[in-house]
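Q: Have a look; sequence and predicted model below, questions after that.
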Amino acid sequence: MHAFALSRFLFWFVIFFLLALASRPWIEDLFIRYQAEPRTIMARGELAADEQTTIAIFESVSPSVVYITTSGRVMDLLSRNLLEVPRGTGSGFMWDRHGHVVTNYHVVADVQAAYVRLSSQRVYEAALVGVSPEHDIAVLRIDSGAGGPPPVAIGSSHDLKVGQKVFAIGNPFGLDYSLTGGVISALDRTIPSGEGRKIEHLIQTDAAINPGNSGGPLIDSAGRVIGMNTAIFSPSGNFAGIGFAVPVDTINRVVPRLIAYGRYVRPALGVITDGDLSRRLAESLGVEGVVILQVQEGSPAARAGLRAAVIAGNGDLSAADVIVAVDGREVDSVEGLIDLLDAYRIGDKVRLRVYREGQMIDVEVVLG
């Protein structure tokens with residue numbers, strides 16, 4: 001009888017002991033780990049329409065985007081040998097089937113060598129074709145052959161609207177083929193360039209642009225290039241929500257001239273002016289415009305009969321033509337006149353509104 005009671009006691013003791021152990025967290029954790037299995041995957045369904053559009057844009061445009069590295073040469077003071085050292089990185093995009101690559105001027109300024117890496121990871125040494133510092137545009141060329149990447153699709157920038165979706169593809173901080181998105185924040189912005197010039201008519205965007213994005217394409221929701229990322233506004237040097245891009249209409253006007261001539265040739269009237277003096281003389285005549293100080297012999301202005309200012313010994317101004325408008329668009333400074341003419345091609349005919357001897361007249365000039 002005592003043996004039976006003892007065995008019963010031991011049985012229940014073991015049961016209660018095991019239950020007590022099971023209630024301890026580490027025992028419970030041990031059971032959970034033993035039973036752990038991969039979770040069941042929930043079906044995702046179709047991607048949203050805007051996601052599909054973004055993916056399609058990246059897949060169609062990214063093969064035409066390139067990664068640019070540059071190098072310079074420095075002299076080793078001990079060995080007197082010239083050493084090639086890295087200078088910087090940037091982005092670019094294929095312009096045509098002849099291997100021309102468009103990028104920013106500041107990406108390749110003052111470098112001895114530039115190398116272009118394609119999405120296939122093939123690297124080519126690039127030749128410099130031409131630059132336009134005032135537009136921050138440069139053209140390189142690589143010998144990629146017939147199997148090279150396709151050129152980008154080109155859109156237009158004159159009809160852009162604030163609020164349009166845009167995408168940027170580039171190589172920020174060397175992280176190649178990064179895609180960012182945003183909207184057009186503003187149009188017709190002007191910023192100073194690194195060489196004391198102004199770059200005008202820029203597109204402002206909040207798409208993330210960082211060092212290394214320079215020269216990469218800004219793309220609209222149709223997959224067309226509408227600009228080239230060129231600068232950011234940031235106290236820290238990194239993305240701060242304000243980026244700028246050269247509009248594609250400017251690129252499409254400048255790049256063919258760089259390819260053809262190796263430099264940007266502006267259309268010209270053949271007149272000589274001076275900003276500060278022109279402004280003072282125009283004010284003395286009671287008009288706003290650009291006073292022609294000199295007409296170059298044989299120039300388009302000379303053929304059109306434009307007259308230069310004549311300043312008498314007493315300082316009086318006479319026989320001065322003042323350009324006040326170009327094809328109906330008002331001119332308020334020498335810079336404004338140059339900017340308006342920059343939108344035309346050599347050989348285009350423009351109608352100048354000219355103030356002459358108290359009257360407004362129209363003069364047609366074929367730009368040279």
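A: All right, it came through fine. Numbers count the residues shown, from 1 in each chain.
Q: hey, let's count contacts and neighbours off CA atoms from now on
A: OK.
Q: what does stretch 180-200 rub up against?
A: Residues outside stretch 180-200 that contact it (Cα atoms under 8 Å, 6 or more residues apart in numbering) are 134-136, 161-169, 201-209.
Q: Which strand or helix spans residue 208?
A: Assigned by DSSP states H and E, residue 208 falls within no helix or strand.
Q: And the pLDDT for it?
A: Looking at residue 208, its pLDDT reads 83.
Q: neighbours of it, just the number please.
A: Neighbours of residue 208 under the rule other Cα atoms under 10 Å: 21.
Q: For it, what are phi and psi?
A: phi -60, psi 120 (degrees, to the nearest 10).
Q: does it really touch residue 232, like I thought?
A: No: using Cα atoms under 8 Å, residue 208 makes no contact with residue 232, being 9.2 Å away.
Q: hmm, back to that, report the buried members of the contacts of stretch 180-200.
A: The neighbour count (16 or more other Cα atoms under 10 Å) marks 135-136, 165-169, 201-209 as buried among the contacts of stretch 180-200.
Q: Out of those residues, list just those in helices.
A: Per DSSP state H, helices hold no members of the buried ones among the contacts of stretch 180-200.
Q: now, among those, which is nearest to residue 268?
A: residue 135 (17.0 Å; Cα to Cα).
Q: Just list the residues touching that closest one, thanks.
A: Listed by Cα under 8 Å, 6+ apart, the contact set of residue 135 reads 199-200, 246, 250.
Q: what's the distance between it and residue 246?
A: 8 Å (Cα to Cα, to the nearest Å).
Q: from the buried ones among the contacts of stretch 180-200, which is closest to residue 152?
A: Among those, and counting by Cα to Cα, the member closest to residue 152 is residue 169, at 12.1 Å.
Q: Helix or strand for the nearest residue to residue 291 once chain neighbours are set aside, just tell me which one.
A: Spatial nearest neighbour of residue 291, excluding adjacent residues (Cα to Cα, 6 or more residues apart in numbering): residue 322 at 4.3 Å. Per DSSP H and E, residue 322 falls inside strand 321-326.
Q: ok, that strand: who's next to it in the sheet?
A: With DSSP bridges as the test, strand 321-326 is paired with strand 290-291 (antiparallel), strand 329-330 (antiparallel), strand 349-356 (antiparallel).
Q: Deepest-packed of those, please.
A: When neighbours are counted by mean count of other Cα atoms under 10 Å, the highest per-stretch mean among those falls to strand 290-291, a mean of 30.
Q: Tell me which helix or strand comes right after that strand.
A: Using DSSP H and E, the helix or strand that follows strand 290-291 in sequence is strand 294-295.
Q: Can you tell me what sits against that next one?
A: For strand 294-295, contacts defined as Cα under 8 Å, 6+ apart pick out 270-273, 301-302, 306-309.
Q: go with 6 Å
A: The set of residues external to strand 294-295 that reach it, using Cα atoms under 6 Å, 6 or more residues apart in numbering, is 271-272, 308.
Q: Restricted to buried residues, select those in ChimeraX.
A: Filtering the contacts of strand 294-295 down to the buried ones (16+ other Cα under 10 Å) takes a single ChimeraX command:
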select :271,308
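Q: hang on, the earlier thing: among the buried ones among the contacts of stretch 180-200, which ones are in strands?
A: Filtering the buried ones among the contacts of stretch 180-200 for membership in strands, criterion DSSP state E, returns 165-169, 201-205.
Q: And the contacts of stretch 112-132?
A: Under Cα under 6 Å, 6+ apart, the answer for stretch 112-132 is 63, 66-72, 137-142, 258, 262-264.
Q: got the CA coordinates for it in PDB?
A: What follows is stretch 112-132, C-alpha atoms only, in PDB (Å, rounded to 0.1, in the frame of the first residue of the first chain):
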ATOM      1  CA  GLN A 112      43.300  64.800 -69.400                       C
ATOM      2  CA  ALA A 113      41.200  61.700 -69.900                       C
ATOM      3  CA  ALA A 114      37.600  60.600 -69.700                       C
ATOM      4  CA  TYR A 115      36.300  57.000 -69.700                       C
ATOM      5  CA  VAL A 116      32.700  55.900 -70.500                       C
ATOM      6  CA  ARG A 117      31.200  52.800 -68.900                       C
ATOM      7  CA  LEU A 118      28.100  51.300 -70.500                       C
ATOM      8  CA  SER A 119      25.400  49.300 -68.800                       C
ATOM      9  CA  SER A 120      27.100  46.200 -70.200                       C
ATOM     10  CA  GLN A 121      30.100  47.200 -68.000                       C
ATOM     11  CA  ARG A 122      32.300  47.700 -71.100                       C
ATOM     12  CA  VAL A 123      34.600  50.700 -70.700                       C
ATOM     13  CA  TYR A 124      35.800  53.000 -73.500                       C
ATOM     14  CA  GLU A 125      38.200  55.900 -73.500                       C
ATOM     15  CA  ALA A 126      36.300  58.900 -74.800                       C
ATOM     16  CA  ALA A 127      37.400  61.700 -77.200                       C
ATOM     17  CA  LEU A 128      36.300  65.200 -76.500                       C
ATOM     18  CA  VAL A 129      34.300  66.600 -79.500                       C
ATOM     19  CA  GLY A 130      33.300  70.000 -78.300                       C
ATOM     20  CA  VAL A 131      32.100  72.100 -75.300                       C
ATOM     21  CA  SER A 132      29.800  75.000 -74.600                       C
END
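Q: ok now it, how far from the chain's centre?
A: Relative to the chain's own centre, stretch 112-132 is displaced by 18 Å; criterion: Cα atoms, centre = their mean, to the nearest Å.
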